[in-house]
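Asks: Coordinates for the following, if possible.
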Amino acid sequence: MYTPAAFREDDPAILHAVMRAARLALLVSAAPDGGAPEATHLPLLIDPDQGPHGTIVGHLAKANPQWRSLAAGAAARAIFPGPEAYVSPSNYASKAEHGRVVPTWNYVAVHAIGPVEVIEDAARLHALVSRLTDHHETPRAQPWAVGDAPEPFIAGQLKGIVGIVLRIETLIGKRKLSQNRSAADRDGVARGLAASDDAADRALAQAMAAEPSD
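Replies: Presented below is the predicted three-dimensional model:
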């Protein structure tokens with residue numbers, strides 16, 4: 001990921017927070033035959049205390065050929081998107097001063113790169129899917145648990161997936177939040193996005209508000 005110094009984020013706590021907040025990640029890996037990279041959208045969980053940069057866990061369908069290239073040692077990159085929004089030149093204070101402004105896009109993203117262990121053991125798979133389920137069900141008033149389904153049914157379902165554990169060797173964070181603009185321009189962008197009817201725009205405005213000022 002191209003990351004100019006002004007937008008680079010290295011604080012592990014901030015990066016892990018972005019990863020935890022991402023509802024759906026993208027797992028990309030090299031194809032075994034040198035063809036186009038393989039990619040799968042899937043929920044992933046971060047274990048920040050496992051290893052120097054943490055580990056990421058999730059699972060793939062066994063019918064998905066990507067897991068075979070991962071098992072063979074293909075390099076993998078997990079991409080976690082954060083808030084993002086279009087930035088109109090009209091929001092820049094400098095537009096009225098000289099007009100030399102163009103559109104851009106502000107966004108937050110984290111890339112985690114490392115080798116992947118593929119899990120086929122039924123007990124480890126059961127623990128993995130239970131953890132994923134609990135993570136997403138806990139906020140619900142009446143959370144569903146893997147144990148609510150008949151055990152033979154769950155055992156059959158587990159035969160159709162493989163677990164993955166990505167050991168993070170490189171963690172790259174980018175927070176492109178108009179840090180390369182003047183304070184007046186940044187304020188104009190934040191106010192414009194905060195006033196938008198689009199929830200995604202307002203989420204980006206909140207991210208900009210949390211960014212330390214000069």
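Asks: where exactly do the helices run in the protein?
Replies: 12-21, 66-71, 94-97, 122-137, 151-158, 183-194, 199-209 (DSSP state H).
Asks: Which one of the ones you listed lies nearest to A6?
Replies: helix 183-194 (11.7 Å; CB to CB). Every residue, glycine included, has its C-beta placed from N, CA and C.
Asks: quick one, the closest one and helix 199-209 angle?
Replies: Comparing the axes of helix 183-194 and helix 199-209 via axes from the mean of the first three to the mean of the last three CA atoms, to 10 degrees yields an angle of 150 degrees.
Asks: Please name every helix or strand in contact with helix 183-194.
Replies: strand 76-87, helix 199-209 (3 or more CB pairs under 8 Å, 6 or more residues apart in numbering; DSSP states H and E).
Asks: Worst mean pLDDT across the helices and strands of the chain, which element?
Replies: Ranking every helix and strand in the chain by mean pLDDT, DSSP states H and E puts helix 94-97 at the bottom, with a mean of 78.
Asks: ok so, going back, deepest of the helices and strands packed on helix 183-194, which one?
Replies: Ranked by mean neighbour count, these are led by strand 76-87 with a mean of 21 (mean count of other CB atoms under 10 Å).
Asks: Relative to H135, how far out is L60?
Replies: Per CB to CB, to the nearest Å, L60 is found 17 Å from H135.
Asks: okay, these two: which has more neighbours?
Replies: L60 (20 against 12; other CB atoms under 10 Å).
Asks: my read: that one touches T40, true?
Replies: Yes - counting by CB atoms under 8 Å, L60 touches T40, with 6.2 Å between them.
Asks: Find me the pLDDT at the closest residue to W105 other than its chain neighbours, would you?
Replies: In space, W105 comes closest to Y86 once its chain neighbours are excluded; the distance is 5.8 Å by CB to CB, 6 or more residues apart in numbering. We have a pLDDT of 96 for Y86.
Asks: Check E169 too.
Replies: pLDDT, E169: 94.
Asks: quick revisit: who's in contact with the least confident helix or strand of the chain?
Replies: P89, R100, V101, R181, S182, A184, D185 (CB atoms under 8 Å, 6 or more residues apart in numbering).
Asks: show me what contacts the fourth one?
Replies: Read that as R181. Shown in contact with R181 (CB under 8 Å, 6+ apart): Y92, S94, V189.
Asks: do the third one as well
Replies: Applying CB under 8 Å, 6+ apart, one finds that V101 lies in contact with P89, Y92, S94, K95.
Asks: Quick one: which of those residues is the most crowded by neighbours?
Replies: Y92 (25 neighbours).
Asks: so that residue touches D185, yeah?
Replies: Yes - under the criterion of CB under 8 Å, Y92 makes contact with D185 at 4.5 Å.
Asks: Could you tell me the backbone phi and psi angles at the nearest residue to G114 once chain neighbours are set aside?
Replies: In this structure, G114 finds its nearest non-sequential neighbour in E169, 4.1 Å apart by CB to CB, 6+ apart. Main-chain dihedrals, E169, degrees, to the nearest 10: phi -100, psi -30.
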